[in-house]
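Q: only the shape, not the letters, is given here:
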């Protein structure tokens, strides 16, 4: 099944007559400006989804659709990701703070005394009774 390619992928057509070309350019300019403004207003909020929201067919009734009951607590994407990265940064910095400053380091072993008396019996030997 062959799909139609978008208009921008087609080979350029023969130039239209001058009045029609100007009108077409003005129409395309207005459409692109409207879609740009619509995209900017949606991007500034950054709530919801970037995917198109489907609408039910005409004549069908939807009793409880998902837009009727919005979630009680909802964070925008910038707020959520800023909290997420702040938590990650705090976890990593807290880990290294604990390792460097709070965790006590073991003191070095004392030097050995070569004149220390040897035990008479090894501590791991089994007593045979």
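A: Nice, I can see it. Computed from a predicted structure; not experimentally measured.

Q: which SSE is immediately downstream of the one helix or strand in the chain whose mean pLDDT sits lowest?
A: Between all helices and strands in the chain, the lowest mean by mean pLDDT, DSSP states H and E belongs to helix 18-45, at a mean of 68. Downstream of helix 18-45, the first helix or strand assigned by DSSP states H and E is helix 77-97.

Q: quick check: mean pLDDT across that next one?
A: Mean pLDDT, computed over helix 77-97, is 96.

Q: just the pLDDT at residue 64, thanks.
A: On the pLDDT scale, residue 64 gets 66.

Q: scratch that, residue 52 is what I was asking about
A: 84.

Q: and residue 4, by the same measure?
A: So, for residue 4, pLDDT stands at 56.

Q: then residue 129?
A: 66.

Q: mind listing what residue 70 touches?
A: With CB atoms under 8 Å, 6 or more residues apart in numbering as the criterion, no residue contacts residue 70. C-beta here means a position set from N, CA and C on the backbone, and glycine is covered the same way.

Q: what's the answer for residue 79, then?
A: Shown in contact with residue 79 (CB under 8 Å, 6+ apart): no residues.

Q: from residue 91, how far off is it?
A: Remark: distance between residue 79 and residue 91 (CB to CB, to the nearest Å) = 19 Å.

Q: can you check residue 31 too?
A: Distance, residue 31 to residue 91, using CB to CB: 48 Å.

Q: same thing with residue 58?
A: In terms of CB to CB, residue 58 sits 52 Å off from residue 91.
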